[in-house]
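Chemist: Sequence and predicted model, in that order:
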Amino acid sequence: MFQYNIVFVVPGGFTVSGITTWSIEMSHRLVKPNRNVIIIKHPDVDRAITPSLPNQLKIIYENNPIYPNNPSLSKKDIITGYLPTYQKTLPGVVIPNLSFGAYATYAAISTKKAQALRLLGYAHADDPEYYNWLTYYEPIIHRFVAVSQEIGEQLAWLIPHRQADIVVKPYAVNAPKQLKRRYSTRPEPLQLVYAGRISEHQKRISDLVRLAEILSRNQVNFRLRIIGEGADKDVLRQKIALLDLSTRQRITFEAGKSPDQMPAIWQATDIVLLVSEFEGTSIAMLEAMAQGCVPVVTEVSGAKAVIQEGQNGFMVPVNALEEMGQIIHHLDTERMRLCEIGCQAHQTVMARYDYDEYMAWFLNMVDEVWREAPRQWPTNRPLLPLKRPRPELPELYRNVVSNLSGQDIARYVPLSRIIQGLGFKLANQPGFGWLYRFRSLGKKIVGD
């Protein structure tokens, strides 16, 4: 038997999430070589899915109703709430995944039981929240795993003294050896699918409604399936209800599916859509490509390393829905391209995102980390930051400036000076994470 457990914390429970999908798939694969695997499951934050779980997997239920990334979370919530449950995972190499609560609890544990604990800090998205968690809890993290090159570079900028411990490694996904599927032919409608969290934050879910309007206006023959759960379900339904009847009839809105249901959905899909403002490396995109879907996605973190324009998929800037519509219109008129590009998408995933190679790398990393010296939380550092950004603040700023041009923003000279003088480190401070969104624009305004 191995000396330690491999632990995944699922702060949002078993709900629609790439992190949940990844944690469950990793559990399936880790129990096969007889590793001891534990999932800490917090209460479901949304409608639960029912995933297939391996019998050997141990699930520890954290029933405290306080969400571990709640801005009002206190030290008392950590010590009397989560800590007794989390201690049951020791000895362990732990992936907290996300949230101040999960990291803070293991920080508290490390003050007395550091010898039995090693932490892997996964940066699952190019998002200030992840940079806040990983930089604040850096003292107890043994490895930082960035799921895209862009994230790795940002982490290296924020914690330069830990560059040797930063690893860039995108996810792996399951891919069939051979594609056994068909693509839609005229006069059948193009099959478009978005599958993921129904959220305006990050996912820009209402852009799918705008895209449907554009496709209808351009007389594209399509069917759009929106599959998922999330906080903005009702808002999305309202927006769909406002569409004209002919467009509305082309859209179906379905409940979230468990990971084992998705391969069949992707096999019946021509084009996978992502309109996100930011990602890590999208698991949904990789899973769809593995089944031969053509990705038409926004040019965000991780996508540029995967997509070869026009060969295995297409990228457009965030909010460039007219351009996205033109690409889909072109694929509608030239259906043979679906098979050509979809097969290349499958080959890309087979060659570069294979699970066998990923698992060998992962197991080597956790064994290596376990042999390293323990890391203890500094006694003079609070378990939780004194000020934590509330999600509505960065969201407000994004909404305010989303339609401004570079010239408009450049008028605000203090912002450009902040960007130039502090090199975006300000974006990592509580309440200022929204600034990080504008790093590309900032370079255009004030230079590198």
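Modeler: Received, thanks.
Chemist: What's the separation between Ile205 and Ile307?
Modeler: According to Cβ to Cβ, to the nearest Å, Ile205 and Ile307 sit 21 Å apart. Any C-beta I mention is one placed from the backbone N, CA and C, and that applies to glycine too.
Chemist: Those two: who's more crowded?
Modeler: Neighbour tally, Ile205 and Ile307, criterion other Cβ atoms under 10 Å: the higher count belongs to Ile205, 25 against 21.
Chemist: residues touching that one, list them.
Modeler: Remark: with contacts taken as Cβ atoms under 8 Å, 6 or more residues apart in numbering, Ile205 is in contact with Tyr194, Ile198, Ser199, Ile226, Gly230, Asp232, Leu236, Val275.
Chemist: Can you give me the neighbour number for the first one?
Modeler: As a burial measure, Tyr194 scores 22 neighbours (other Cβ under 10 Å).
Chemist: Help me confirm that it is found in a strand?
Modeler: Yes. Under DSSP: H, G, I helix; E, B strand; the rest coil, Tyr194 sits within a strand.
Chemist: Could I get the contacting residues of it?
Modeler: Ile205, Leu208, Leu224, Arg225, Ile226, Ile227, Gly228, Val272, Leu273, Leu274, Val275.
Chemist: Does the residue lying closest to it once chain neighbours are set aside fall in a helix, a strand, or a coil region?
Modeler: Using Cβ to Cβ, 6 or more residues apart in numbering and skipping the chain neighbours, the partner closest in space to Tyr194 is Leu273 (4.7 Å). Counting by three-state DSSP, the backbone at Leu273 sits in strand.
Chemist: who are the neighbours of the particular helix or strand that has Ile38 in it, in terms of helices and strands?
Modeler: In this structure, Ile38 sits in strand 36-41 according to DSSP states H and E. Strand 36-41 sits against strand 5-10, helix 18-31, strand 58-61, with contacts defined as 3 or more Cβ pairs under 8 Å, 6 or more residues apart in numbering; DSSP states H and E.
Chemist: List the neighbours of the helix or strand following the shortest one that are in contact with it.
Modeler: It refers to strand 58-61. Using DSSP H and E, the helix or strand that follows strand 58-61 in sequence is helix 75-76. For helix 75-76, the surrounding residues in contact (Cβ under 8 Å, 6+ apart) are Ala104, Pro382, Leu383, Leu384.
Chemist: what sits up against the following helix or strand past helix 75-76?
Modeler: Remark: after helix 75-76, the chain's next helix or strand is helix 83-86, criterion DSSP H and E. Outside helix 83-86, the residues within contact range by Cβ under 8 Å, 6+ apart are Ile40, Ile60, Tyr61, Glu62, Asn64, Ala102, Thr105, Tyr106, Ala108, Ile109.
Chemist: Tell me the one among these nearest to Tyr122.
Modeler: The closest of these to Tyr122 turns out to be Ala102 (Cβ to Cβ; 11.2 Å).
Chemist: Identify the residues contacting the nearest residue to the closest one once chain neighbours are set aside.
Modeler: Nearest in space to Ala102, with sequence neighbours left out and distances taken as Cβ to Cβ, 6+ apart, is Pro96 at 3.8 Å. Shown in contact with Pro96 (Cβ under 8 Å, 6+ apart): Val9, Ala102, Tyr103, Tyr106, Leu119, Gly121, Trp133.
Chemist: Which of those has the largest number of neighbours?
Modeler: Tyr106 (31 neighbours).
Chemist: what about the most far-flung residue of the chain relative to its centre, distance to Asp332?
Modeler: Largest separation from the mean C-alpha position in the chain: Pro187, at 35.7 Å (Cα atoms, centre = their mean). Remark: distance between Pro187 and Asp332 (Cβ to Cβ) = 11 Å.
Chemist: Now do the shared contacts for those two.
Modeler: Residues touching both Pro187 and Asp332 (Cβ under 8 Å, 6+ apart): Asn221.
Chemist: Can you give me the buried ones in whichever strand or helix holds Ile109?
Modeler: In the assignment (DSSP H and E), Ile109 maps to helix 100-113. Residues of helix 100-113 classed as buried: Phe100, Gly101, Ala102, Tyr103, Ala104, Thr105, Tyr106, Ala107, Ala108, Ile109, Ser110 (neighbour count, 16 or more other Cβ atoms under 10 Å).
Chemist: Is Arg223 in a helix, a strand, or coil?
Modeler: Assigned with three-state DSSP, Arg223 falls in the strand class.
Chemist: Oh, that last question was meant for Lys304, not what I typed.
Modeler: helix.
Chemist: dump the residue contacts of the spatially closest residue to it that is not a sequence neighbour.
Modeler: Sequence neighbours aside, Met315 is the residue nearest to Lys304 in space, at 7.1 Å (criterion: Cβ to Cβ, 6+ apart). By Cβ under 8 Å, 6+ apart, Met315 lies in contact with Val297, Thr298, Glu299, Ala303, Lys304, Ile307, Glu309.
Chemist: Tell me if I am right that Met315 is in a strand.
Modeler: Yes. Under three-state DSSP, Met315 sits within a strand.
Chemist: So of the contacts of helix 75-76, which two are at opposite extremes in space?
Modeler: Most distant of those, by Cβ to Cβ, are Ala104 and Pro382, 8.9 Å apart.
Chemist: Give the residue spans of the stretch 1-150 of the chain that score low on pLDDT.
Modeler: Residues of the stretch 1-150 of the chain meeting the criterion pLDDT under 70: 1.
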